[in-house]
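**Q** Sharing a sequence plus its predicted fold:
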Amino acid sequence: MKQYTRKEMREVMEIRGLSKMTISVYINHISNLAGYFNRAPHTLQPEHIHTYQVFLVQEKQVSWSFFNQAVCAMRFFLTM
């Protein structure tokens, strides 16, 4: 997977027409994901994503909307 900087990720999202708020939220979610594992996001594997999702639901007990935003941010990051 190519290593994207925050600037590049922001530019791709702007090109695709995402709102400034969505861009900010997505970047925060990817930053939180990377921080949880203390690794660069481009080095994470699918099992890391699963582990983080379980953490959000079981340990942090986040709301559905927060979880959905996190999943959408991860999906965007992994497919860009």
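**A** Everything's here; your move. No experiment lies behind these values; they were computed from the predicted model shown. Numbering: from 1, shown residues only.

**Q** quick check: mean pLDDT across stretch 45-58?
**A** For stretch 45-58, mean pLDDT rounds to 95.

**Q** Report the backbone C-alpha coordinates of that stretch in PDB.
**A** Provided in PDB are the C-alpha atoms of stretch 45-58 (Å, rounded to 0.1, in the frame of the first residue of the first chain):
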ATOM      1  CA  GLN A  45      -3.100  -5.300   8.000                       C
ATOM      2  CA  PRO A  46      -6.800  -6.300   7.900                       C
ATOM      3  CA  GLU A  47      -6.400  -8.100  11.200                       C
ATOM      4  CA  HIS A  48      -5.400  -4.800  12.800                       C
ATOM      5  CA  ILE A  49      -8.500  -3.100  11.400                       C
ATOM      6  CA  HIS A  50     -10.700  -5.900  12.900                       C
ATOM      7  CA  THR A  51      -9.000  -5.600  16.300                       C
ATOM      8  CA  TYR A  52      -9.500  -1.900  16.300                       C
ATOM      9  CA  GLN A  53     -13.200  -2.200  15.400                       C
ATOM     10  CA  VAL A  54     -13.600  -4.700  18.300                       C
ATOM     11  CA  PHE A  55     -11.900  -2.300  20.600                       C
ATOM     12  CA  LEU A  56     -14.200   0.500  19.600                       C
ATOM     13  CA  VAL A  57     -17.400  -1.600  20.100                       C
ATOM     14  CA  GLN A  58     -16.400  -3.600  23.200                       C
END
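
**Q** can you pull the buried residues of that stretch?
**A** Of the residues in stretch 45-58, 48, 49, 52, 56 count as buried by neighbour count, 16 or more other Cβ atoms under 10 Å. Every residue, glycine included, has its C-beta placed from N, CA and C.

**Q** Among those, which one lies nearest to residue 24?
**A** Closest to residue 24 out of the buried residues of stretch 45-58 is residue 56 (18.6 Å), distances taken as Cβ to Cβ.

**Q** of all the buried residues of stretch 45-58, which comes closest to residue 15?
**A** Set against residue 15, the nearest of the buried residues of stretch 45-58 by Cβ to Cβ is residue 49 (24.3 Å).

**Q** In contact with that closest one: list those residues for me.
**A** Residues in contact with residue 49 (Cβ atoms under 8 Å, 6 or more residues apart in numbering) are 33, 74, 78.
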